[in-house]
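Peer 1: need a 3D model of the sequence below.
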Amino acid sequence: MVDTLSRMARELAAHTERLRGAVTSVDAELAGAPVTARSAEGTVEAAVDHRGRLVDLRIPRTALTRGHGGILGEQIAQAVNVARDRALHECRALIRARMIGGRR
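Peer 2: As a prediction, the model looks like this:
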């Protein structure tokens, strides 16, 4: 039983190291490559980095002067959320590929 637990602990440590290496590799690969998305109406464009942090937000001047702050807020949230979802999906897919030995 102790041998089994020791073996499992070694396997877990090895897996953790592979995962850490994959994350480091993907982090370096995706750095500086923003993911963009637009709101459904196409009014707002948001860009996030590979970690989901907002790096750019583009709103046309006309959208700012219409006076519909609630609608504009929803469009901003939608664009940011879509960009974040895309970035997360891409990052996870690359990590998964690295874990099974694949490359992008």
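
Peer 1: contact partners for the closest residue to residue 86 other than its chain neighbours?
Peer 2: What sits nearest to residue 86 in space, not counting adjacent residues and going by CB to CB, 6 or more residues apart in numbering, is residue 35, at 4.9 Å. Where you see a C-beta, it was placed from the backbone N, CA and C, and this is true even at glycine. Residue 35 makes contact with 47, 48, 49, 50, 83, 86, 87, 90 under the criterion CB atoms under 8 Å, 6 or more residues apart in numbering.

Peer 1: what's the most distant pair in those residues?
Peer 2: 47 and 90 (13.4 Å; CB to CB).

Peer 1: isn't residue 47 right up against residue 33?
Peer 2: No - in this structure, residue 47 is not within contact of residue 33 by CB atoms under 8 Å, at 10.1 Å.

Peer 1: give me the more crowded residue out of the two.
Peer 2: residue 47 (18 against 10; other CB atoms under 10 Å).
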